[in-house]
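Participant: could you work out the structure for the sequence below:
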Amino acid sequence: MREQIHIMNEDELQELVEQTETGGRHVAGNVKRLITFTAIAWSLFQLYFSSPIPFIFQQFLNSIGLDWTVVFDDTKARSIHLSFALFLAFLSYPAFKKSDKTTIPVADWGLAVIGAFLGAYYFIFYEGIVTRVGIPNQMDVIAGVAGILILLEATRRSLGAPLAVIAMIFLVFNFMGPNLPQLLAHNANKITTIVNQQWITTEGVFGIALGVSTKFVFLFVLFGALLDKAGAGNYFIKTSFSLLGHLRGGPAKAAVIASGLTGLISGSSIANVVTTGTFTIPMMKKVGFSAEKSGAVEVASSVNGQIMPPVMGAAAFLMVEYVGISYFEVVKHAIIPALISYIALVYIVHLEAMKAGMKGLERANPPAKLLIRLRNAALIVFSFCLLALVVYYGLGWIKSVAGDSSVYIIAVLVALAYLAIAYWCARFPELELDDANAPIVHLPPVKETVNSGLHFLLPVIVLIWCLMIERLSPGLSAFWGTVVLIVILLTQKALFAYFRGESNLIKQFKLGVKDLLEGLEIGAKNMISIGIATATAGIIVGVVALTNVGAPLANIVEMASGGNILIMLILVGILSLILGMGLPTTANYIVVSSLLASVIVEVGQQNGLIVPLIAVHLFVFYFGIMADVTPPVGLASFAAAAISGGKPIKTSVIAFFYSLRTAILPFLFIFNTELLLIGVDWLHGISVFVIATAAILVFTAATQKYFIHKCSMLEVLLLLLIAFTLFRPAYFMEQVSPTYKTIEPVNIITELQQAHTDRPLKIQVSGISDIGEPTSFYAHLAIAGETGQQRLDNMGITLIENDGVVMIDDVVFDSPAAEMGLDWDQTVLSVEVPIEGALAKQWLYIPALLLLLAIAMIQNRRRKEELVKLAMD
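Facilitator: You can find the predicted model right below:
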């Protein structure tokens, strides 16, 4: 009997998103107004906290002699942030799925009020708490226990049981301390100690994760909500379709680009699927994609929206705090994997279209001749480059001349730019929301579509400019981008009406105010689950820090992997996928990175592989988002299947295979950190991008078993070999022309003097770890200086020899050797020095590309023979 599949309509899809993201309660009257008012108040507080306004206001109050404090420090702001989140969580999320969604029970009102008070406890009693940190009184203990229990209930409602259960397991582990097996036993099990850690200090609930949610994440989520409310989501979708819909499999390619752009708006895979999928999935089905494949394409592209800079979801901002680098550095390291992953997804769509012999959709207006289009494209690129140079050097000149007053001049220039763009955009018809299920006659016209919403790019440009060029903090960058967006929301309807000669300006302005208030409300409601998730994840982080469970866990993981870094990475990836079935991406990232990031770095060092911490955190992040795709849960896949009418599990399986390129990248950049632009200049970075793109396309062709024609199994294996060679040529080149030679430690000074200086010295030592157990690891030390002894001194180590055994006698404080973990009394086990004249690993690109060319020629000949045979038949 054939399975009956229900296709959700627009209202049902919105209900699905609301249940997942904002609770799904539909109340009316004063209760609804209270929730709306609270949500807007939360958004306004976050804007105030992230802005320069408190500092300006504080200076004014001080100047007139008023001793009022209007600047909130981070800890107080975290407390207020959690208070809002708990209050809204109990009013928005019913206790159970079958609970009445039209009323709020008395118990929920009580939990909301008590939760708001306990969330704000740190803020209300701040002066007393700071004087008794470490020695909480009875009221602190009661508030802490009640606060944790209420937080766990809010977590269960807003995020499901898994995160709440995991947090409870960690708390039980904390309480069971002395009664645990010796490997895991600890003494940090007193109620006062636990409450102090979790609720009184900033090491638990009010820790880094909640701080990042307060300082950075809220503003970016609000920015996305306001951008969507302004109409940017529809603009991005229609622009993508107008530009790409005419290509082979065009709607699917447009879906990939539209979902990537929508990633600026939504950090949620499910919301992204529903936002773009309601339009893109029916379009894909109409050009020949099956229900499951059209849903899978949407899922793969929507999930990838979370890895695309400059806005990468909450996890990216957490990396800033956990890794200790700037947001600019996070974006720089993440950009190449994200770009090549999206390029590969477009290629997957192209291959699927090739397999099925699909055609694109008809354009409304026939395109201009190729030469004219190339000329126009060149003029556009030149104009943008010229404009960028003028803006960059112009702003630099303004800041050097005007000093502190330059902010006002820049604000006027941005306003003038907005007016000019709005005047231009008003010349084109406003984009309407289309019915995706209506018959498609032709694609939207390119010129009219692209030009109708150029003003939406202005706040995005301001955001990126502040982040990447001015290097402002993420929070302040999002604030200025949001300010520009608020102005657009308030004025765009009235301005467009004015420029079009319409008379209803006041009505249009009121509609703008309504859009702004709704955007502020939606932004806050979208933050409820994130605020709760980061607070609950703080419980787990607090337990890890208090009990030092990381050390025994490292031993367990190391034993399970046999000390092999690749096996360990596979185990970590599997753990991330399993946890991701029940945890949101942010919570998953916090839990796994807190437990295992340092373990991966340590095991890598023991295996001679120096793994940068950012690479490990990106590894965990990538596998966290993969959980939205991976069967049997894959919530994003279920949402896509609800739109397409396809089978959810089959959709999830296909989406998983489409996402293999995303799953393989983390392993590659762990072993080849050039993919993260670590230790490369800009010219080398370009070559890395080109080669990595070629490699991921070859890998994609292998996984799809289709290159120019259908691949045989031998061709699939050869394509995988080519992809691996392009990604990691050093693996094979080391077998042919080693770059290092192993020497006796006693000869280190002599050999070091002759060593090549373009690569570091590798030294393996054994000693005692921080927890008193024997350990061995590798250290990589840069070579600088003239003589061997001078080079050794520059590394910061002094060696002594005793009966043929070389030991470290001294390590200079804050030297390269000290940073790598070398210490006195460690035994030098082996030394590897770089060899001069070793062949460059890039030489292997030539045979790999020649082999690829041979496969292409063979497949092309086979394709032609098949076409001739079809023609004869």
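Participant: so what secondary structure elements neighbour the helix or strand where Phe328 lies?
Facilitator: Assessed by DSSP states H and E, Phe328 sits inside helix 327-356. Secondary-structure packing of helix 327-356 (3 or more C-beta pairs under 8 Å, 6 or more residues apart in numbering; DSSP states H and E): helix 250-262, helix 291-304, helix 314-319, helix 613-626, helix 660-671, helix 682-704. C-betas here are computed from N, CA, C, even on glycine.
Participant: out of the ones you listed, which comes closest to Phe428?
Facilitator: When those are compared for distance to Phe428 using C-beta to C-beta, the nearest one is helix 250-262, at 19.2 Å.
Participant: what are the contacting residues of that closest one?
Facilitator: Helix 250-262 has contacts (C-beta atoms under 8 Å, 6 or more residues apart in numbering) with 233, 236-237, 240-241, 243-245, 247, 272, 275-277, 280-281, 283-284, 286-287, 289, 294, 297-298, 300-302, 304-305, 308, 342, 345-346, 349-350, 352-353, 360-361, 443.
Participant: and for stretch 158-172?
Facilitator: 23, 89, 92-93, 148, 152-153, 155-156, 194, 528-529, 532-533, 536-537, 539-540, 543-544, 579, 581-584, 587, 591.
Participant: give me the subset of the residues you listed lying in helices.
Facilitator: Judged by DSSP state H, the subset of the contacts of stretch 158-172 located in helices is 89, 92, 148, 152-153, 155-156, 194, 528-529, 532-533, 536-537, 539-540, 543-544, 579, 587, 591.
Participant: what helix or strand is the spatially closest residue to Ile486 that is not a sequence neighbour located in?
Facilitator: With C-beta to C-beta, 6 or more residues apart in numbering as the measure, Leu516 is the residue that lies nearest to Ile486, at 6.2 Å, once sequence neighbours are left out. Assessed by DSSP H and E, Leu516 sits inside helix 505-547.
Participant: what's the angle from whatever helix or strand comes next after that helix to helix 505-547?
Facilitator: Towards the C-terminus, the helix or strand next in line after helix 505-547, according to DSSP H and E, is helix 550-561. With axes from the mean of the first three to the mean of the last three C-alpha atoms, to 10 degrees as the criterion, the two stretches helix 550-561 and helix 505-547 enclose an angle of 80 degrees.
Participant: got a list of contacts for helix 550-561?
Facilitator: Residues contacting helix 550-561 (C-beta under 8 Å, 6+ apart): 183-184, 544, 567-568, 571-572, 594-596, 598-599, 602-603, 770-771.
Participant: can I have the buried ones of those residues as a ChimeraX selection?
Facilitator: Typed into ChimeraX, the line below selects the buried ones among these, using 16 or more other C-beta atoms under 10 Å:
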select :544,568,571,572,594,595,596,598,599,602,603
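Participant: the contacts of helix 550-561 in helices, which ones?
Facilitator: When the contacts of helix 550-561 are checked against helices using DSSP H, the ones located there are 544, 567-568, 571-572, 594-596, 598-599, 602-603.
Participant: give me the distance from the helix holding Leu516 to the chain's centre.
Facilitator: Between the mean C-alpha location of helix 505-547 and the chain-wide mean there is a distance of 17 Å, by C-alpha atoms, centre = their mean, to the nearest Å.
Participant: pLDDT below threshold where in the stretch 401-550 of the chain?
Facilitator: When the per-residue scores of the stretch 401-550 of the chain are filtered using pLDDT under 70, the ranges that remain are 433-442, 550.
Participant: circling back to that earlier point, show me which of the contacts of helix 250-262 are buried.
Facilitator: If you count burial by 16+ other C-beta under 10 Å, the buried members of these come out as 233, 236-237, 240-241, 243-245, 247, 272, 275-277, 280-281, 283-284, 287, 289, 294, 297-298, 300-302, 304-305, 308, 342, 345-346, 349-350, 352-353, 360-361, 443.
Participant: mind listing what Phe699 touches?
Facilitator: Taking C-beta under 8 Å, 6+ apart as the definition of contact, the neighbours of Phe699 are 344, 661, 664, 719-720, 723, 727.
Participant: among those, who's most crowded?
Facilitator: The most neighbours of any of these, using other C-beta atoms under 10 Å, belong to Ala344, which has 29 neighbours.
Participant: isn't that residue up against Arg661?
Facilitator: Yes: using C-beta atoms under 8 Å, Ala344 makes contact with Arg661 at a distance of 4.3 Å.
Participant: shared neighbours of these two, which are they?
Facilitator: In the contact map built from C-beta under 8 Å, 6+ apart, the residues linked to both Ala344 and Arg661 are 696, 699-700.
Participant: could I get those in TSV, plus columns for distance to His617 and pLDDT?
Facilitator: Putting these into TSV (distance: C-beta to C-beta, whole Å; pLDDT from 0 to 100) gives the following:
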residue	distance to His617	pLDDT
Ile696	21	92
Phe699	23	93
Thr700	25	90
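Participant: now do Met857: how many residues are near it, please.
Facilitator: Counted with other C-beta under 10 Å, the neighbours of Met857 add up to 11.
Participant: quick one: it is in a helix?
Facilitator: Yes: counting by DSSP: H, G, I helix; E, B strand; the rest coil, Met857 is found in a helix.
Participant: what's the per-residue pLDDT of it here?
Facilitator: The predicted local distance difference test score for Met857 is 94.
Participant: what residues are up against it?
Facilitator: For Met857, counting by C-beta under 8 Å, 6+ apart, there are no contacting residues.
Participant: how close does the residue most central in space within the chain get to Asp100?
Facilitator: Per C-alpha atoms, centre = their mean, the C-alpha nearest to the average position across the chain is that of Met312, at 3.4 Å. Look at Met312 and Asp100: by C-beta to C-beta, to the nearest Å, they are 38 Å apart.
Participant: most packed of the helices and strands packed on helix 327-356?
Facilitator: Sort the helices and strands packed on helix 327-356 by mean neighbour count, taking mean count of other C-beta atoms under 10 Å, and helix 291-304 sits at the top with a mean of 30.
Participant: looking at that helix now, give me its mean pLDDT.
Facilitator: When pLDDT is averaged over helix 291-304, the result is 83.
Participant: likewise for stretch 784-792?
Facilitator: Computed over stretch 784-792, the mean pLDDT rounds to 89.
Participant: now the strands for the protein?
Facilitator: In the chain, the segments counted as strands under DSSP state E are 740-743, 761-768, 774-781, 797-802, 805-811, 827-834.
Participant: what pLDDT does the model give the closest residue to Phe45 other than its chain neighbours?
Facilitator: If you skip the residues right next to it in sequence, Phe45 has Ile80 as its closest partner in space, 6.5 Å away by C-beta to C-beta, 6+ apart. Each residue has a pLDDT score; the one for Ile80 is 95.
Participant: contacts only, for Ile80.
Facilitator: If you count contacts by C-beta under 8 Å, 6+ apart, then Ile80 has 45, 72, 119-120, 123 around it.
Participant: lowest-confidence one in the residues you listed?
Facilitator: Within the contacts of Ile80, pLDDT is lowest for Phe72, at 85.
Participant: now Gly245. Its backbone dihedrals?
Facilitator: Geometry field for Gly245 lists phi and psi as phi -60, psi -20, criterion degrees, to the nearest 10.
Participant: burial measure for the closest residue in space to Gly119 that isn't next to it in sequence, as a count.
Facilitator: Distances taken as C-beta to C-beta, 6+ apart put Ser83 closest to Gly119, at 3.4 Å, once the chain neighbours are dropped. Counted with other C-beta under 10 Å, the burial measure for Ser83 works out to 22 neighbours.
Participant: so Ser83 sits against Ala120, correct?
Facilitator: Yes: with contact taken as C-beta under 8 Å, Ser83 and Ala120 are classed as touching, separated by 3.9 Å.
Participant: the stretch 151-300 of the chain: helices as residue ranges?
Facilitator: Defined through DSSP state H, counting those that start in this stretch, the helices belonging to the stretch 151-300 of the chain, from first to last, are 161-176, 191-195, 208-212, 218-230, 232-244, 250-262, 269-286, 291-304.
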